[in-house]
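Q: Sequence and predicted structure below; questions after.
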Amino acid sequence: MRKLLTGTLVAATAVTGMATVATGAQAATAKPVAKCSAAALKTKFVKARGEVGMMKTGWRITLTNVSKKTCTVKGYANLQLRNAKGKPVKTRVVRGDNYFQRDPGPVTLKLKPGKTVQASVSYSHYRDETGPAKTPLLSITAPGAKKATTVKMPDPYVWQGKFSLTAFAYSFPQA
């Protein structure tokens, strides 16, 4: 019985080894997909449908591949509030789940030409006499990119400059 098990193990190893060699050869011919550059991405900051409540609003950062090649996006955007003159103001970004969506965590997403990924953003727009300063501009830097895109904030009041931000995903459930 022992000889039979040993022979089976050797045969299984030989078959597995051949399969590994074939897989390795196939992998060697596959070209790696590059990270998306800032120039390859069109960035937008848009309202998330149905995500409003408890003095919070939900938004999406969308990245659309405008290049002619597939590229990858992984992780979280960097956000920086700016005043009307474009000067940076105090900004705090908390990565993870937010009031409206669960964080999918950083995963590599393949983005074919014309396709879009999104991150969920929420913040409080509560206002009082000590409330937030008006911050009409938001700079968004895609993961791995060096250049930011600055957009006009549709609701320029961000309480304490604090955003809750998820990683990028192909989509999020609608509220």
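A: Cool, got the structure. Numbers count the residues shown, from 1 in each chain.

Q: my guess is residue 123 is in a helix, correct?
A: No - under DSSP: H, G, I helix; E, B strand; the rest coil, residue 123 falls outside any helix and is assigned strand.

Q: Point to the residue nearest the middle of the protein.
A: Closest residue to the average C-alpha location of the chain: residue 168 at 2.0 Å, with Cα atoms, centre = their mean.

Q: my guess is that one contacts residue 72, does it?
A: No - the pair residue 168 / residue 72 is not scored as a contact, 10.2 Å apart, by Cβ atoms under 8 Å. For every residue, glycine as well, the C-beta is placed using N, CA and C.

Q: Return every residue with contacts to both of the two.
A: Residues touching both residue 168 and residue 72 comprise residue 109, with contact defined as Cβ atoms under 8 Å, 6 or more residues apart in numbering.

Q: which residues of this protein score low on pLDDT?
A: Low-confidence segments of the chain, defined by pLDDT under 70: 1-30, 127-133, 174-175.

Q: what lines up beside the lengthiest strand in the chain in the sheet?
A: Assignment by DSSP state E gives strand 41-53 as the longest strand of the chain. Within its sheet, and counting by DSSP bridges, strand 41-53 is paired with strand 56-65 (antiparallel).

Q: Counting by contacts, list what the helix or strand just after the strand it pairs with packs against.
A: Where DSSP states H and E defines the elements, the next helix or strand beyond strand 56-65 is strand 71-74. Here strand 71-74 touches strand 108-111, going by 3 or more Cβ pairs under 8 Å, 6 or more residues apart in numbering; DSSP states H and E.
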